[in-house]
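Visitor: What follows is a predicted structure for the sequence shown.
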Amino acid sequence: MRHCESMGNVGVPFPDFHPDDPPLTKNGRIEAKKLSLLFNPCDDIRIYASTLIRACETAQPTAERLGVPITVLPELMEVGTAVPGTELQHIAALAPRALDSAEQTLPPLFEAGLSYENEDAAHCIERAKRAFSIIRDAAGPGDRVLAVSHGAFFGYLLREALGISLPETFCWQVDNCAVTDILFQPGKLPKLRYSNDKRHLLY
């Protein structure tokens, strides 16, 4: 899915954060809570989010409801982002379920000065392959996975998950807090059950 509404989406200033790393708006936090109601406390689910705060914040209410951690994956990062992720104090305050993973993942990325700012399409494709491989390899039979990423990167991730080839000029529509559901079964083609779904926001 794509993260919930961020301050960057609506042009609200966010001076305490990097320009490429806006947090959620008040409405975005409401959206994230509504998203969490799609899942039951007994659900066995793995949650992944990019290292940016808007993705981690989106996953936080669901992780709280289910009592599971958020695994941050740099591979889910937005295209054209100048920083490798969110500073740890922001994650601790806004998405504590991601903090353990972030403490292991982010310091080396900041030290290395990782940036996706000048990323080309070939690199995005490879990054999507890595992201999907990490998520797939960790999942067991019957597992459900929630992966929170970003609008521009979403098309690359979806192409990889479905094993389809589409031209760069093809834009896959994905709105804030919209869910795309894909079923994976051994020996069968992936099944796209629905995409860009926001029915959960109606309640």
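Guide: Right, received. Where do you want to start? Residues are numbered from 1 along each chain as shown.

Visitor: what's the pLDDT at Gln173?
Guide: In this model, Gln173 is scored at 83, pLDDT.

Visitor: Verify the contact between it and Asn196 for me.
Guide: Yes - counting by Cβ atoms under 8 Å, Asn196 is a contact partner of Gln173 at 5.5 Å. All C-beta spots, glycine's among them, are computed from the backbone N, C-alpha and C.

Visitor: Looking at the two, which one has more neighbours?
Guide: Set side by side, Gln173 and Asn196 show more neighbours around Asn196, with 14 against 10, by other Cβ atoms under 10 Å.

Visitor: which residues does the more buried one contact?
Guide: Neighbour list for Asn196: 173-175, 178-180 [criterion: Cβ atoms under 8 Å, 6 or more residues apart in numbering].

Visitor: mind checking how far it is from Ser50?
Guide: Distance of Asn196 to Ser50, computed by Cβ to Cβ, to the nearest Å: 19 Å.

Visitor: Next: Gly142.
Guide: Gly142 is 25 Å from Ser50, where distance means Cβ to Cβ.

Visitor: which other helices and strands contact the helix or strand harbouring Phe153?
Guide: Phe153 belongs to helix 151-162 when assigned by DSSP states H and E. Here helix 151-162 touches helix 121-138, strand 179-183, going by 3 or more Cβ pairs under 8 Å, 6 or more residues apart in numbering; DSSP states H and E.

Visitor: quick check: angle from whichever helix or strand comes after the first one to helix 121-138?
Guide: It stands for helix 121-138. Sequence order places strand 144-148 as the next helix or strand after helix 121-138, per DSSP H and E. Angle of strand 144-148 versus helix 121-138, following axes from the mean of the first three to the mean of the last three Cα atoms, to 10 degrees, is 150 degrees.
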